[in-house]
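Enquirer: I'll drop the sequence and a predicted model, then ask my questions.
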Amino acid sequence: MNAVLSWMLAGFSGVAPAATATIEIADARLTVRTPVVEAVFDGLALVSLRPAGQEVEFAAGRCPVAGVDLLYLDGSLLSTDKHQKVTLRRLSDRAARIDVVGDDTRRSLLVVADPETGDVLVTPDGLSARRGLRAVQWTLNLHPEATGMLPCVNGMIVRSSADPPIRNRFRWPIDWNAQLAIVERGGWSIMVHAEDRQHRFKNLQVDAGGGQLSLGLESEPPGPLWDNRTAGGLQWRISAYRGSWPEPATRYRRWMEAARDLDALAAHRPAWTRRVSLAVCWAGPDTRILDALAAVHPPDRTLIHFSNWRTDRYDINYPEYRPSENALQYMRKAAEMGFHVMPHFNYFAVDMQHPIMREVGDFQLRSLDRNAPEGWYWPPETYDYTRMAYIHPGLGLWRHRLTEAVLEACDLLGTDVAFLDQTLCTWNTDNALVQGLTTVGGLKQLQEEFAAVRPGLVLAGEGLNEISFQRQAFAQAHIHDGWGRLNAGHVDRACGLNAFLWGDHCRLIGYYHLTPGGEDFDLGIEIYERMGALPTIVTHRAEDLLDPSPSVRRILDRARGLGRAASATAPGGG
């Protein structure tokens with residue numbers, strides 16, 4: 001691919017670049033220029049970042065942190081080593097390495113000017129005499145007038161004026177849903193992203209507020225890390241674009257489409273998944289609600305998340321999936337009316353008292369920093385309602401048991417769509433590898449096995465990221481910091497970046513704060529609209545639909561509008 005074509009695909013607008021990229025070294029300062037972006041490093045710290053030939057500055061010009069730092073399991077950062085020295089070494093006419101070596105550590109930054117894409121490529125690396133090294137962190141201290149557009153918790157806007165401040169470490173892929181960050185300022189955008197296809201763990205440390213905005217990109221080895229002394233080796237790409245976040249996001253979406261072969265993955269999906277325009281979540285087996293729903297929205301364009309269908313109570317006695325008689329009656333009526341109903345399962349939770357724990361209990365997830373067994377224990381004070389262990393999805397025995405249970409239940413219920421709860425829950429653990437798979441690889445393998453055994457089964461899940469979305473058609477979307485009361489800040493932070501990335505391949509639906517009459521109902525509606533989720537309602541009351549409030553009418557009107565648009569564009573078929 002020639003340089004100009006690569007540059008055009010990257011989305012940069014301006015004068016076509018010459019096929020040149022240069023580096024300059026002066027004392028401890030490294031300047032990198034490509035046809036697309038210019039970056040200046042002072043030691044390991046990025047002190048200037050601009051689109052090529054432009055005056056729009058994205059860096060703060062100073063860096064109060066180390067630039068490249070080492071993070072340990074106890075949460076401490078190295079910051080500065082004893083007697084550390086900075087060395088810059090030119091490796092070629094387009095590459096240099098910055099080394100900072102102290103008595104107990106070595107940190108480095110490999111910087112490459114890529115003439116093909118115009119990207120600046122940055123690869124941090126770290127080595128420590130001290131054990132328990134968790135990650136190497138590369139920090140961008142950004143201009144206070146810049147705005148961060150982040151694919152965190154389904155799309156998030158961050159600013160230096162954030163109040164209250166945001167100090168959060170977003171783990172990939174559970175919280176940081178795609179390996180990129182976009183920053184806007186003055187009609188331009190900068191994107192930092194990785195093109196990692198190996199599911200390597202990474203994190204995004206966000207510090208926003210008090211007039212400061214910084215992003216720390218971390219590379220984290222798989223656990224256990226108690227004796228670990230090295231981290232890094234993950235390459236980040238810096239690129240610049242004229243315009244706002246959709247320009248760089250389009251580049252990343254095209255990369256995902258090619259790298260993940262999304263067209264092939266979606267080929268088996270029925271056409272109805274693209275026609276759905278209303279979601280109903282947390283439904284119980286009351287058939288009266290079906291009549292009310294049918295009166296306000298076409299059943300064949302309505303998706304129902306069916307959470308209360310088993311003989312056991314919700315979140316009790318997994319993986320026992322036996323439908324109640326009421327649930328069977330509900331499903332028969334829903335099928336006759338044309339609704340699409342997805343019964344609720346869980347992808348890795350097992351009741352501690354279930355007999356299968358004797359087989360799989362040794363593979364319960366353990367926390368990376370404490371080796372503590374992980375699970376869903378509720379309520380937190382007593383665990384009297386439920387105590388479930390999280391089983392590592394890399395374990396083939398568990399995947400086989402779950403697949404059989406889900407398919408058997410779907411057959412009894414007469415449905416071709418299944419909701420797998422907690423599919424967002426993929427993170428690094430102390431027992432990171434089981435049968436050669438991390439939790440990320442285990443979830444992906446589970447989805448691939450469902451597709452192999454029953455290609456026509458439509459999968460949905462809780463949460464969404466660039467791994468789980470590949471085999472999912474729908475996903476419930478969380479709101480950042482949304483478990484308590486909502487406020488105007490939640491609305492201001494929400495954006496449609498993630499929905500843009502996933503496109504029609506996987507569609508977001510609402511999760512909570514969508515119950516008519518609820519204290520935050522109106523705020524929930526607005527947030528999910530800004531997020532780009534399908535119109536969603538949570539109700540067990542027919543009167544909420546038949547005599548709708550203005551807020552419910554807002555949901556239904558939007559669903560009808562989406563339905564008309566889908567009818568005009570969707571192909572035929574079942």
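Expert: Structure received.
Enquirer: next secondary structure after the strand or helix carrying residue 273?
Expert: Secondary structure assigned from DSSP states H and E places residue 273 in helix 272-275. Remark: after helix 272-275, the chain's next helix or strand is strand 278-283, criterion DSSP H and E.
Enquirer: what strands line up against that next one, and which way round?
Expert: Strand 278-283 has its sheet partners listed here by DSSP bridges as strand 302-306 (parallel), strand 536-537 (parallel).
Enquirer: name the residues of the helix or strand just after it that are buried.
Expert: Using DSSP H and E, the helix or strand that follows strand 278-283 in sequence is helix 288-296. For helix 288-296, the neighbour count (16 or more other CB atoms under 10 Å) marks 289-290, 292-294, 296 as buried. To be clear about C-beta, it is placed using only N, CA and C from the backbone, and glycine gets the same treatment.
Enquirer: please apply the same query to stretch 256-276.
Expert: Quick answer for stretch 256-276 (16+ other CB under 10 Å): 256, 260, 262, 265-266, 269, 272-276.
Enquirer: in the stretch 451-574 of the chain, which spans are strands?
Expert: Assigned by DSSP state E, counting those that start in this stretch, the strands in the stretch 451-574 of the chain fall at 458-462, 472-476, 507-509, 536-537.
Enquirer: make CSV out of these and add mean neighbour count and distance to residue 144.
Expert: Listed next are the strands of the stretch 451-574 of the chain as CSV, based on neighbours: other CB atoms under 10 Å; distance: least, CB to CB, whole Å:
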stretch, mean neighbour count, distance to residue 144
strand 458-462, 24, 36
strand 472-476, 25, 34
strand 507-509, 24, 31
strand 536-537, 25, 36
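Enquirer: mind putting these in a markdown table, mean pLDDT and distance to residue 109 included?
Expert: Formatted as a markdown table, the strands of the stretch 451-574 of the chain follow (pLDDT from 0 to 100; distance: least, CB to CB, whole Å):
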| stretch | mean pLDDT | distance to residue 109 |
| --- | --- | --- |
| strand 458-462 | 98 | 37 |
| strand 472-476 | 98 | 36 |
| strand 507-509 | 98 | 36 |
| strand 536-537 | 98 | 44 |
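Enquirer: could you point out which of these sits nearest residue 29?
Expert: Closest to residue 29 of the strands of the stretch 451-574 of the chain, according to CB to CB: strand 507-509, at 44.5 Å.
Enquirer: list of residues touching the closest one?
Expert: Residues outside strand 507-509 that contact it (CB atoms under 8 Å, 6 or more residues apart in numbering) are 154, 273, 276, 279, 281, 303, 305, 464, 473-477, 498-499, 502, 528, 531-534, 536.
Enquirer: which stretches of the stretch 1-150 of the chain have low pLDDT?
Expert: 1-19, 63-65 (pLDDT under 70).
Enquirer: ok, which stretches of it are helices?
Expert: Ranges of helices in the stretch 1-150 of the chain, per DSSP state H, counting those that start in this stretch, are 3-10.
Enquirer: tell me the secondary structure at residue 217.
Expert: What DSSP: H, G, I helix; E, B strand; the rest coil gives for residue 217 is strand.
Enquirer: please disregard the earlier target; I meant residue 320.
Expert: Each residue gets one of three states, and residue 320 gets coil by three-state DSSP.
Enquirer: could I get the pLDDT score of it?
Expert: Note for residue 320: predicted pLDDT of 98.
Enquirer: what about the nearest residue to it once chain neighbours are set aside, neighbour count?
Expert: Excluding the flanking residues, the one nearest residue 320 by CB to CB, 6 or more residues apart in numbering is residue 312, at 5.9 Å. The number of residues packed near residue 312 is 13, by other CB atoms under 10 Å.
Enquirer: can you tell me how far residue 312 is from residue 324?
Expert: As defined by CB to CB, to the nearest Å, residue 312 lies at a distance of 9 Å from residue 324.
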